[in-house]
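Q: Quick one, structure for this:
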Amino acid sequence: MPRKPKRKAPASPAARDASPEPYPTHASPSPAQCLAVRDALLGFHGFPEEFAPFRRLRLGGSGDSPPPPPPTVLDGLVTTLLSQNTTEAISRRAFASLKAAFPSWDQVVDEEGTRLEDAIRCGGLAATKAARIRAMLRGVRERRGKICLEYLRELSVDEVKRELSHFKGIGPKTVACVLMFYLQKDDFPVDTHVLRITKAMGWVPVTASREKAYIHLNNKIPDDLKFDLNCLIVTHGKLCQTCAKKMGGEKSKVPNAACPLASYYCVGEKLQQ
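A: Okay, the predicted model is just below:
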């Protein structure tokens, strides 16, 4: 009697939810390219101090020193929301002001006046950010019974994305930053600096949107390089005025030889590295 064919196991949630590769014929970046750029930027800048605490968390401390206590996921999400359209220093100031004004997150939800806006006004876009923060906190309390997101630590990357997608105003970049910095997951956020530099290196097509670049780069960049590479590219985009000037113009995309990425930028249509 012929055997019945084995039934295929159902796809995992992560496999079902994975976005299709937007550029299947675009080979870059290779793992070797990612490693070379990481090393070039690390040798030039060293590891950026602003991201060093998150790196220590990922590495589990240093030597005999225990890792620092991680920020709560909720604090991280609110901090990321406050960082939109402003600098890191200003967003930290806005977060500190918020925490000083409201000892608990429940008070933020229940307060009906403008104290939240007033507390974060120094960070810009106070009305918009206040509305998003309050709506997110209210949503968490309604869904979970209390305002806490620590349960996200036990979920997969795709499960975290699904959970946070319920909240208005929390887009893919915000979710990716929470994943990478506050959950120590392997993800690669794409901000303006990352998008411009990866386009200039030929890692994504010049016509790529931020959303498609995010999918492609996360598919291509090895997990063990994502954190360092992302932090270094963001830092380089902020500090290298030559890159900012050249990539902002139409005539030339090639920075001068002082830039550590000079040999990695596209000349013509292909990256020769």
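
Q: show me the contacts for the spatially closest residue to Leu116 that is not a sequence neighbour.
A: Taking C-beta to C-beta, 6 or more residues apart in numbering as the measure, Leu116 lies nearest to Ala130, with 4.5 Å between them; neighbours along the chain are not counted. C-beta: built from backbone N, CA, C; applies to glycine. Going by C-beta atoms under 8 Å, 6 or more residues apart in numbering, Ala130 touches Leu116, Glu117, Ile120.

Q: out of these, which one sits closest to Gly76?
A: Within the set of the contacts of Ala130, Ile120 lies nearest Gly76; the separation is 15.9 Å, counting by C-beta to C-beta.

Q: List the buried residues in the one helix or strand the closest one maps to.
A: Following DSSP states H and E, one finds Ile120 within helix 115-120. Buried residues in helix 115-120, counting neighbours by 16 or more other C-beta atoms under 10 Å, are found at Leu116, Glu117, Ala119, Ile120.

Q: Equivalent analysis for stretch 43-58, please.
A: Those buried within stretch 43-58 under the rule 16+ other C-beta under 10 Å are Phe44, Pro48, Phe51, Phe54, Arg55, Leu57.

Q: any idea how far Leu35 is from Leu225?
A: 6 Å (C-beta to C-beta, to the nearest Å).

Q: Kindly report the same for Leu164.
A: Using C-beta to C-beta, which is the criterion applied here, Leu164 is 24 Å from Leu225.

Q: Specify the residue ranges that define each domain of the protein.
A: Per the record's domain assignment (automatic domain parsing), the chain is made up of the domains 25-52+187-264, 73-182.

Q: Test for you: state the pLDDT assigned to Phe167.
A: Phe167 carries a pLDDT score of 89 in this model.

Q: could the contacts of Ala130 go into JSON lines alongside pLDDT and distance to Leu239?
A: Formatted as JSON lines, the entries for these read as follows, by pLDDT from 0 to 100; distance: C-beta to C-beta, whole Å:
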{"residue": "Leu116", "pLDDT": "97", "distance to Leu239": "34"}
{"residue": "Glu117", "pLDDT": "96", "distance to Leu239": "33"}
{"residue": "Ile120", "pLDDT": "97", "distance to Leu239": "27"}
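
Q: that older thread, out of the domains of the chain, which gets the lowest mean score?
A: Across the domains of the chain, domain 25-52+187-264 has the smallest mean pLDDT, namely a mean of 88.

Q: measure that one end to end?
A: As for domain 25-52+187-264, its first-to-last residue distance stands at 20 Å under the measure C-alpha to C-alpha, to the nearest Å.

Q: hey, where'd the helices end up in this protein?
A: Assigned by DSSP state H, the chain shows helices spanning 13-17, 31-45, 52-59, 73-82, 88-101, 105-110, 115-120, 126-144, 157-164, 172-177, 192-200, 210-220, 223-239, 241-248.

Q: looking at those, which is closest to Ser263?
A: Comparison of those against Ser263 by C-beta to C-beta identifies helix 31-45 as nearest, at 8.5 Å.

Q: ok now that closest one, how far from the chain's centre?
A: The gap between the average C-alpha position of helix 31-45 and the chain average comes to 19 Å, counting by C-alpha atoms, centre = their mean, to the nearest Å.
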